[in-house]
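Novice: next comes the sequence, and after it the predicted model I'd like to discuss.
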Amino acid sequence: MKDDVGRLLLDRFRIYHGLVDRDLRVRFRNPAFFAYIGRDPVKGWTDLLDLFPEVVGLEKEIGLVIEGTRSDYSVVSVNRDSSEEIFFNLYFIRNSNADGTCLIVVRDLTKELLYRQVLQQNKNEIEILQHRLIEKNEDLDMTNRALIKSRDEMEELNRSLEKKVHERTRQLEESTMLSQRLFMQTVKSLMYALEQRDAYTSGHQQRVSNLACAIARELGLDDFTLEGVMVAGNLHDIGKIYVPSEFLTKPGKLSDEEFSVIRTHPRVGFEILKDIEFPWPVASYVLQHHELLDGSGYPYGLEGDEISFETRILTVADVVEAMATSRPYQTSPGLDYALDEIRRYSGIKYDSKVVETCIRLFKTGAFSWAPLY
């Protein structure tokens, strides 16, 4: 299953992952990774510094991650020339298995950086054209008599400049629309990756997103904020990609060690999403979605206003969906039980306005689990 997830991340999101041990040896199972960096495939372990000379001098920091003293270490914006120029970020992440290894994640930034360069070039060209037009108009004010003699020439120039500005503006609008499509494709790819990783919770994120959006709309949040809640709901459990599947599907009670591994998924989700330039703080919403008002949540035990209002909406939607939906290994106690649960802890663990709105939506029949988007 892990190999399937690795291939899916490569195809959909260009992420490669492996392990680093105490001897600073690294192992990547996906042959496509070596093709990406322009190296012959290596089976088994190989020297980290040979594969990534960019981390020479950083051995101590990486060692702290392997020992568990440090949770993570990042090397960002690596530029390398192989068969072609590539850009990537390196992440070293503490391995919760405590087996003397840490995770190494390589995220390809090449297409993203090239797209930004093209977008910036279009913006610069528009600004240059607009600046030239302004300068020319200022010259016209100062040389009125010359304008009379060269009026036809200047009118033609203005038309040409305006046409170029219009064309560049149209290109920028098309680029913006492309960016939005790429953004939604990224969200769907991440959702698909998690659902392939954990088939038993397939659809959970979509249902949480639907309920959270219904609550947010009922509370009067604007369309922009509503879209951010929708995206965060669809990605709130993305960190479970790094949780062993046997933990996620285990019938019965989890051990303390198993539960502690599952509790890392908000932090892992934050690390996956933090470098994606969403229009909303989606990574923070994902990091906080198991925090509770009384400080009894995780991973940081945040309290009250330390938790964003959008996250409080996601938390209530997540709790209700988890209780109201059966799993192959667990029978649901039912929707009424779920609503009684959030009512019991309204104002204590859960935001009272959010709880009141959620209960009203179900009691009046204003909400169903059918997709809203």
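Specialist: Alright, I've got the coordinates. Numbering: from 1, shown residues only.
Novice: hey, let's count contacts and neighbours off CA atoms from now on
Specialist: Will do.
Novice: for Thr311, give me the pLDDT.
Specialist: Note for Thr311: predicted pLDDT of 97.
Novice: what ranges do the helices span in the stretch 101-250 of the chain?
Specialist: Chain-ordered helices for the stretch 101-250 of the chain, with DSSP state H, counting those that start in this stretch as the definition, fall at 110-142, 144-149, 151-197, 204-218, 223-235, 245-248.
Novice: give the next helix or strand downstream of the least confident helix or strand in the chain by mean pLDDT.
Specialist: Across the helices and strands of the chain, mean pLDDT, DSSP states H and E gives its lowest value to helix 2-13, namely a mean of 56. Moving toward the C-terminus from helix 2-13, the next helix or strand (DSSP states H and E) is strand 15-21.
Novice: just want the most central residue of the chain.
Specialist: With distances taken as CA atoms, centre = their mean, Leu273 lies nearest the centre of the chain, 2.9 Å away.
Novice: looking at it, that one is touching Trp280, isn't it?
Specialist: No: using CA atoms under 8 Å, Leu273 is not in contact with Trp280, being 11.4 Å away.
Novice: give me the low-pLDDT residue ranges for the stretch 1-150 of the chain?
Specialist: 1-13, 82-83, 98, 113-133, 137, 140-141, 143-144, 147, 150 (pLDDT under 70).
Novice: over to the stretch 151-300 of the chain?
Specialist: The low-confidence ranges in the stretch 151-300 of the chain, as defined by pLDDT under 70, are 164-167, 169-202, 249.
Novice: buried residues, stretch 298-313. List them.
Specialist: Of the residues in stretch 298-313, those buried by neighbour count under the rule 16 or more other CA atoms under 10 Å are 298-299, 301-302, 304, 307, 310-313.
Novice: so what touches that stretch?
Specialist: The set of residues that contact stretch 298-313 without belonging to it, under CA atoms under 8 Å, 6 or more residues apart in numbering, is 212, 215-216, 229, 263-264, 266-267, 285-296, 350-351, 354.
Novice: make a ChimeraX selection of whichever of these turn out to be buried.
Specialist: For the buried members of those, the matching ChimeraX selection, counting by 16+ other CA under 10 Å, is:
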select :212,215,216,229,263,264,266,267,285,286,287,288,289,290,291,292,293,295,350,351,354
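Novice: now, the contacts of stretch 298-313 that are in helices?
Specialist: Counted as lying in helices by DSSP state H, out of those, are 212, 215-216, 229, 266-267, 285-288, 354.
Novice: possible to save these as CSV with distance to Pro244?
Specialist: Conversion of the ones in helices among the contacts of stretch 298-313 to CSV gives the following (distance: CA to CA, whole Å):
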residue, distance to Pro244
Ala212, 27
Ile215, 32
Ala216, 33
Val229, 27
Pro266, 15
Arg267, 16
Tyr285, 23
Val286, 19
Leu287, 19
Gln288, 22
Val354, 33
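Novice: from Val55, how far off is Leu335?
Specialist: 52 Å (CA to CA, to the nearest Å).
Novice: ugh, typo on my part, it should be Val208
Specialist: Following CA to CA, the distance that separates Val208 from Val55 is 40 Å.
Novice: between these two, which one's more packed in?
Specialist: Between Val208 and Val55, counted using other CA atoms under 10 Å, the more crowded position is Val208 (28 against 16).
Novice: dump the residue contacts of that one.
Specialist: By CA under 8 Å, 6+ apart, Val208 lies in contact with 233-234, 314, 317-318, 321.
Novice: hang on, the earlier thing: farthest pair in the ones in helices among the contacts of stretch 298-313?
Specialist: Farthest pair in these (CA to CA) is Ile215 and Arg267. Separation: 25.2 Å.
Novice: picking up where we left off before, tell me which element the closest residue to the residue nearest to the centre of the chain other than its chain neighbours falls in.
Specialist: Nearest-residue entry for Leu273: Ala283, 5.2 Å, with adjacent residues in sequence omitted and distances by CA to CA, 6 or more residues apart in numbering. In the assignment (DSSP H and E), Ala283 maps to helix 282-288.
Novice: now for that helix, which elements pack on it?
Specialist: In terms of contacts (3 or more CA pairs under 8 Å, 6 or more residues apart in numbering; DSSP states H and E), helix 282-288 is packed against helix 223-235, helix 265-273, helix 309-324.
Novice: can I get the last one in PDB, CA atoms only?
Specialist: By that I understand helix 309-324. Extracted in PDB, the C-alpha atoms of helix 309-324 (Å, rounded to 0.1, in the frame of the first residue of the first chain):
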ATOM      1  CA  PHE A 309     -13.300  30.200  14.200                       C
ATOM      2  CA  GLU A 310     -13.100  28.400  10.800                       C
ATOM      3  CA  THR A 311     -11.300  25.500  12.600                       C
ATOM      4  CA  ARG A 312     -14.000  25.400  15.300                       C
ATOM      5  CA  ILE A 313     -16.500  24.700  12.500                       C
ATOM      6  CA  LEU A 314     -14.400  21.900  11.100                       C
ATOM      7  CA  THR A 315     -14.000  20.400  14.500                       C
ATOM      8  CA  VAL A 316     -17.700  20.100  15.100                       C
ATOM      9  CA  ALA A 317     -18.300  18.800  11.600                       C
ATOM     10  CA  ASP A 318     -15.600  16.200  12.000                       C
ATOM     11  CA  VAL A 319     -16.900  14.900  15.400                       C
ATOM     12  CA  VAL A 320     -20.500  14.600  14.100                       C
ATOM     13  CA  GLU A 321     -19.500  12.800  10.900                       C
ATOM     14  CA  ALA A 322     -17.200  10.400  12.700                       C
ATOM     15  CA  MET A 323     -20.000   9.400  15.200                       C
ATOM     16  CA  ALA A 324     -22.800   9.400  12.600                       C
END
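Novice: I'd like to check the angle between that helix and helix 223-235, please.
Specialist: In this structure, helix 309-324 runs at an angle of 40 degrees to helix 223-235, with axes from the mean of the first three to the mean of the last three CA atoms, to 10 degrees as the basis.
Novice: after helix 309-324 comes which helix or strand?
Specialist: Proceeding C-terminally, helix 309-324 gives way to helix 335-344 as the next helix or strand, assigned by DSSP H and E.
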